[in-house]
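Colleague: show me how the following folds:
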Amino acid sequence: MNSKRDRRFFGTDGIRGRVGQKPITPEDILHLGWAVGKALATHTGSEVLIGKDTRESGYMMESALESGLSAAGVGVVLTGPLPTPAVACLTRASNAVAGIMITASHNPYHDNGVKFFTSDGQKFSDDLEYKIEVLLADKIQTVTSGVMGKARRYNRAADDYVAYCQKQVSVDLDLSDFKIVLDCAHGAAYEIGPKLLNIFGAEIVLAGALPNGYNINDECGSVHPQHMAELVKKHNADLGIALDGDADRVVLADASGKVVDGDGMLYLLGVNGQKCPPVADGIVGTVMSNLGLELACQERGIAFERSNVGDRYVLEKMYAKSWTLGGETSGHIIQLDKGTTGDGLLTAVSVLEVMRSTGRTLAELVSGLQIYPQSMINVPINGSVPAAILLDDETVINAVREVESALDCNGRVVLRPSGTEPLIRVMVEGVDAVQVEMLVEQLTMAVVSSSAKY
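Modeller: Here you go, the predicted structure:
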């Protein structure tokens, strides 16, 4: 079976789109629930755990998935609003055959989607996704009433996940002299986030914790970390934490309000923070990771390798190298000694644990990392034209050659299609910030020109 062909629905991280448009319609999600159930049903009494973020459309999708799974003979366990990593964790800790998270992550409220986890908390394989795609071409065939799936609520899901998080840090972690700004992006961690930090005694300045179904990621959270950074300065806080809508990403700010992204956290945790081994054998970044991170790792004797963008690709390389730390510049950090997927809250607490144990500030802990000037522009493209065609266009190829020549081996160029939106991400990195901005604009114009041809 070629798991790469005919993938009409699955992207790099599940399925995502505009609510009301294919594939995020009630009919499509009902069909998806049935297809997932058929692909997973191994015995009578099988259950799938379903969590969601705070989008209004989550109610519709939850009901549709429940109906489809039930029609396939699979039971449903409903958790209500819960971070994506919590769904992965609780799926692994329970007898569920799979976990589903209803979320569009860092996207605006009008988008939604689904992320999938196997019984051991891993992302679905390409082959399983392809099997589901094939089933989506079939008509729904409902099982007999006697073996339909049942639904139940998991009322202790949030408490159980908080308890799990507590076990991942030192038993004596005391944050009572820390003032922390926590921006939950009006998303899935709006209750769990403050509950967890309060257990460790931290003083919290809470933001982005009043979801109304439509304000998720709206000028807040990790997508807009400057809001959190300004609150850090205003309240003289020690640290700022900004999560995204489903809390699998985090961006931090030090006491001066300077933002620290995923590259800074990977450096900090690689040098100081891994419990087993004490210092990371190696770190997996992505093609978008800053050149400064790679050079800083070399100076510290820590191996560094890049994967394609996407946590599934980061994980693949982590497992292949038997390393426990990897992640993305966006703040999606994976610590395999703590969980199987990116976890914004656990990453933030891990950083706080290092700050507590070393007595050093966040600024001091990342001071050994020199970030090279990097600029990225998201270029909208015609969604009906495959990005590969645009990137192979002679105009783009020639522009890339010119930019690489101008950098003269002192920088990097990355053009890659988004896995979730009709965009091409154009990134240029170099030594001179002014030159970088000029060159990224030059490349962007070439991509726009290429797109206009079709």
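Colleague: every contact and neighbour count from this point should use C-alpha atoms.
Modeller: Noted.
Colleague: residue ranges with poor pLDDT in this protein?
Modeller: Low-confidence segments of the chain, defined by pLDDT under 70: 1-7, 42-44, 273-280, 420.
Colleague: what helix or strand is residue 113 on?
Modeller: In this structure, residue 113 sits in strand 111-118 according to DSSP states H and E.
Colleague: for the helix or strand that that strand is followed by, buried residues please.
Modeller: Following strand 111-118 in sequence order, the next helix or strand is helix 126-135 (DSSP H and E). Using 16 or more other CA atoms under 10 Å as the test for burial, helix 126-135 gives 128, 129, 130, 131, 132, 133, 135.
Colleague: distance to residue 269 added to these, as a markdown table?
Modeller: Shown next, in a markdown table, are the buried residues of helix 126-135 (distance: CA to CA, whole Å):
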| residue | distance to residue 269 |
| --- | --- |
| 128 | 33 |
| 129 | 33 |
| 130 | 36 |
| 131 | 38 |
| 132 | 37 |
| 133 | 38 |
| 135 | 42 |
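Colleague: follow-up on the earlier one: so the strand holding residue 113 versus helix 126-135, what angle?
Modeller: Inter-element angle recorded for strand 111-118 and helix 126-135: 120 degrees (by axes from the mean of the first three to the mean of the last three CA atoms, to 10 degrees).
Colleague: helices or strands up against strand 111-118?
Modeller: Judged by 3 or more CA pairs under 8 Å, 6 or more residues apart in numbering; DSSP states H and E, strand 111-118 is in contact with strand 15-18, helix 84-93, strand 98-102.
Colleague: pick the most buried one from these.
Modeller: Ranked by mean neighbour count, these are led by strand 98-102 with a mean of 29 (mean count of other CA atoms under 10 Å).
Colleague: which neighbouring elements make contact with that strand?
Modeller: So strand 98-102, by 3+ CA pairs under 8 Å, 6+ apart, packs with strand 47-52, helix 58-71, helix 84-93, strand 111-118.
Colleague: 6 Å instead?
Modeller: Strand 98-102 is packed against strand 47-52, strand 111-118, with contacts defined by 3 or more CA pairs under 6 Å, 6 or more residues apart in numbering; DSSP states H and E.
Colleague: just those strands: most buried one?
Modeller: Comparing the helices and strands packed on strand 98-102 by mean neighbour count (mean count of other CA under 10 Å), strand 47-52 ranks first with a mean of 28.
Colleague: distance to residue 256 added to the helices and strands packed on strand 98-102, as TSV?
Modeller: Converted to TSV, the helices and strands packed on strand 98-102 look like this (distance: least, CA to CA, whole Å):
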stretch	distance to residue 256
strand 47-52	34
strand 111-118	34
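Colleague: out of those, nearest to residue 10?
Modeller: Closest of those to residue 10 is strand 111-118, at 9.6 Å (criterion: CA to CA).
Colleague: just the CA coordinates for that closest one, please, in CSV.
Modeller: The C-alpha coordinates for strand 111-118 follow below in CSV (Å, rounded to 0.1, in the frame of the first residue of the first chain):
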residue,chain,number,x,y,z
ASP,A,111,-11.1,27.1,11.5
ASN,A,112,-11.3,23.8,13.2
GLY,A,113,-9.9,20.3,12.8
VAL,A,114,-8.9,17.0,14.4
LYS,A,115,-5.7,15.5,15.6
PHE,A,116,-5.4,11.8,16.2
PHE,A,117,-3.4,9.7,18.7
THR,A,118,-2.9,5.9,18.9
